[in-house]
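**Q** Structural data only, the sequence is not supplied:
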């Protein structure tokens, strides 16, 4: 069985990023081989003729649409891996950052703790201790994920808020 094709299939079918360790365990391939395969796949996908890329996130590796193509295909699967609550949390953070976690919880209730933890695990937000709470802000991974700068995203959110 082709090991590279197996790794590719695992990444394709997974709804979340996969770590080298998880891929190794599930596929029965050594971590060293997995790392070599992932590096080779990343290099192959660098071509301008490819619409996807293989990215390493804090959670693991995942396929993503390359930035120039995201807008064209976004309506087909808009941020399927983020729940509505997570998207609302991200919007709040993007608009008000840095923002106290306690303030987000006031807006969204106790579920916000889980949303923030999940977004931090995905690398889209970061938290830092601030007294008895935490300050939450977006990361550079947030910009990569949405294919726009923090300022552009904030402008879009402000404009949509005015229309609502």
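**A** Cool, the structure landed. Every value quoted in this text rests on a predicted model; they were computed, and no experiment measured them.
**Q** Which residue comes closest to the spatially most central residue of the chain once chain neighbours are left out?
**A** When CA atoms, centre = their mean is applied to the chain, the residue found nearest the centroid is residue 122 (4.9 Å). What sits nearest to residue 122 in space, not counting adjacent residues and going by CB to CB, 6 or more residues apart in numbering, is residue 59, at 6.0 Å. C-betas here are computed from N, CA, C, even on glycine.
**Q** any idea how far that neighbour lies from residue 160?
**A** Counting by CB to CB, to the nearest Å, the gap from residue 59 to residue 160 is 28 Å.
**Q** just to revisit the earlier point, could you measure from the residue nearest to residue 122 over to residue 18?
**A** With CB to CB as the criterion, residue 59 and residue 18 are 8 Å apart.
**Q** circling back: show me the contacts for the residue nearest to the centre of the chain.
**A** When contacts are counted by CB atoms under 8 Å, 6 or more residues apart in numbering, residue 122 touches 17, 57, 58, 59, 141.
**Q** Okay, domains of this protein per the record?
**A** 3-75, 84-163 (automatic domain parsing).
**Q** Quick check, the residue nearest to residue 122 in contact with residue 16.
**A** Yes - between residue 59 and residue 16 there is a contact under CB atoms under 8 Å: 6.6 Å.
**Q** quick one, which of the two is more surrounded?
**A** More neighbours surround residue 59 than the other of residue 59 and residue 16, with 15 against 12 (other CB atoms under 10 Å).
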